[in-house]
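> build me a model:
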Amino acid sequence: MIKYISIIIIILFMFSCTNDNRNSFLQFESGGLERDYLLYLPEGLKPESPLVFVLHGLGGTATGIREYSQMDKIADENGFAVCYPQGTGGIEDTKYTKKGTPFWNVGYEIHKNETVDDITFITSLAGFLQEKYNLDSEKTYCSGMSNGGDMSYLLGCQAPDVFKAIAPITGCMMEKMYSTCNSNDAIPVFHVHGTSDNTTYYEGDEDNSDGWGAYMSVENTINLWIKRNECKSTIIDTLADIDPNDGSIVVSYKNIDGINNNEVWFYKIIDGDHEWPQGWPKNSGNQDLNTSAEIWNFFEHCMHQNRE
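Got it, this is the predicted structure:
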């Protein structure tokens, strides 16, 4: 698993932004640190609108994941706020990263000496934004890619009172996270993962052969959330193969009829790599799925299910 290398291209996207406002970081104090984040509020945003967090991967940036995901466009079309927090830089060189490499503290073995509390940072920031911009605390969600997906899972386990659903993309659950994620209420989950992911292995790394720390397979991870949400049935479908030349297809598994109408969606990209489909540039990776649009479809579906 080489999470750092896989995300490095995202760093380049920060230079493609021409709108000064898109590069304007805001600050929020947490744990004695001045933390940075980007915030996007569509014009005419209504009171009590939803709030979606999108987390970058290891070695990535808030600006990079903003450009890569194109979530601002989805927010404009659907009327919700988007927050892109920035991870802190690591305090020391490791086997896979250099000192200063941005990360989320989810329990990697290479980060065993890190003490930054990202759970408190992100949950406190969510509360601050809800209050300052009159955003709906019952419609606050989190997504992220790779290390950001891992962090989404950690928040889903430890902060379900803040984040009402999560959408990890190419993420995983560390073994410790997996084995202790049973004390809080379960929330809906939407996961996207390629079967040929050479960064966050689809089969996981439960014996820690790569040295990042043991982490679970995608199948075991999804099954945990199906069990936690007590989903009773599954709808399986294959998305239209819009681009037969992209080398992959998408099979969807929608696990439904769970507690509180919760659902667990899993989109398996057959032969897909470590990617956010139709992320920038659009001529790479799977072209059959607009991941950002489908993330919002899932979160919006959760809102409707919770009202039933």
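> let me see the contact set for residue 91.
When the contact criterion is C-beta atoms under 8 Å, 6 or more residues apart in numbering, the partners of residue 91 are 99, 113, 114. To be clear about C-beta, it is placed using only N, CA and C from the backbone, and glycine gets the same treatment.
> err, residue 166, not the other one
For residue 166, the set of contacting residues under the criterion of C-beta under 8 Å, 6+ apart consists of 141, 142, 143, 152, 153, 155, 156, 187, 188, 189, 190.
> looking at those, which is nearest residue 280?
Compare each of those with residue 280 using C-beta to C-beta and the shortest gap goes to residue 143, at 16.3 Å.
> now do the contacts for the closest residue to the closest one other than its chain neighbours.
Beyond its immediate neighbours in the sequence, the residue positioned closest to residue 143 (C-beta to C-beta, 6 or more residues apart in numbering) is residue 167, lying 3.9 Å away. With contacts taken as C-beta under 8 Å, 6+ apart, residue 167 has the following neighbours: 141, 142, 143, 152, 189, 190, 191, 192, 295, 298, 299.
> as CSV, those with pLDDT, neighbour count and distance to residue 200 would be great.
CSV is the format used below for these (pLDDT from 0 to 100; neighbours: other C-beta atoms under 10 Å; distance: C-beta to C-beta, whole Å):
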residue, pLDDT, neighbour count, distance to residue 200
141, 98, 29, 21
142, 99, 32, 17
143, 99, 31, 15
152, 98, 31, 13
189, 98, 27, 16
190, 99, 27, 16
191, 99, 24, 11
192, 98, 29, 11
295, 98, 25, 18
298, 98, 21, 20
299, 98, 24, 22
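> how about the residues you listed in a markdown table, adding distance to residue 42 and secondary structure?
What follows is those, written out as a markdown table (distance: C-beta to C-beta, whole Å; DSSP: H, G, I helix; E, B strand; the rest coil):
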| residue | distance to residue 42 | secondary structure |
| --- | --- | --- |
| 141 | 16 | strand |
| 142 | 19 | strand |
| 143 | 17 | strand |
| 152 | 22 | helix |
| 189 | 26 | strand |
| 190 | 22 | strand |
| 191 | 27 | strand |
| 192 | 24 | strand |
| 295 | 16 | helix |
| 298 | 19 | helix |
| 299 | 15 | helix |
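> ok, those vs residue 37, which is closest?
Distance from residue 37 was checked for each of these by C-beta to C-beta. The minimum falls on residue 142, at 13.1 Å.
> was I right to think the closest one contacts residue 154?
No. Assessed by C-beta atoms under 8 Å, residue 142 is found out of contact with residue 154, at 9.8 Å.
> what residues are shared contacts of those two?
Among the neighbours of residue 142, none is also in contact with residue 154 (C-beta under 8 Å, 6+ apart).
> excluding its backbone neighbours, what's nearest residue 72?
Counting by C-beta to C-beta, 6+ apart, residue 72 lies nearest to residue 40, which is 4.9 Å off, once chain neighbours are set aside.
> could you list which residues are in contact with that neighbour?
For residue 40, the contacting residues are 22, 66, 71, 72, 75, 81, 82, 83, 84, taking C-beta under 8 Å, 6+ apart as the criterion.
> which of the contacts of residue 91 tops the neighbour count?
Top of the contacts of residue 91 by neighbour number is residue 114, holding 17 neighbours under the definition other C-beta atoms under 10 Å.
> got a list of what it touches?
With C-beta under 8 Å, 6+ apart as the criterion, the residues that contact residue 114 are 90, 91, 103, 105.
> three-state assignment of the last one?
Judged by DSSP: H, G, I helix; E, B strand; the rest coil, the three-state class of residue 105 is coil.
> quick check, pLDDT for residue 283.
The predicted local distance difference test score for residue 283 is 67.
> quick revisit: rebuild the contacts of residue 40 as a markdown table, extending it with distance to residue 278.
Rendered in a markdown table, the data for the contacts of residue 40 read as follows (distance: C-beta to C-beta, whole Å):
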| residue | distance to residue 278 |
| --- | --- |
| 22 | 20 |
| 66 | 15 |
| 71 | 12 |
| 72 | 15 |
| 75 | 16 |
| 81 | 22 |
| 82 | 17 |
| 83 | 22 |
| 84 | 18 |
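> which among those gets closest to residue 123?
Minimum separation from residue 123 among the contacts of residue 40 (C-beta to C-beta) is found for residue 83, which lies at 11.9 Å.
> look up phi and psi at that closest one.
phi -120, psi 130 (degrees, to the nearest 10).
> how close does residue 166 sit to residue 112?
Distance from residue 166 to residue 112, counting by C-beta to C-beta, to the nearest Å: 25 Å.
> that should have said residue 47, apologies.
For residue 47, the distance to residue 112 (C-beta to C-beta) stands at 44 Å.
> go on, residue 209?
Relative to residue 112, and taking C-beta to C-beta, residue 209 is found at 17 Å.
> also residue 248?
In this structure, residue 248 lies at 35 Å from residue 112, with C-beta to C-beta as the measure.
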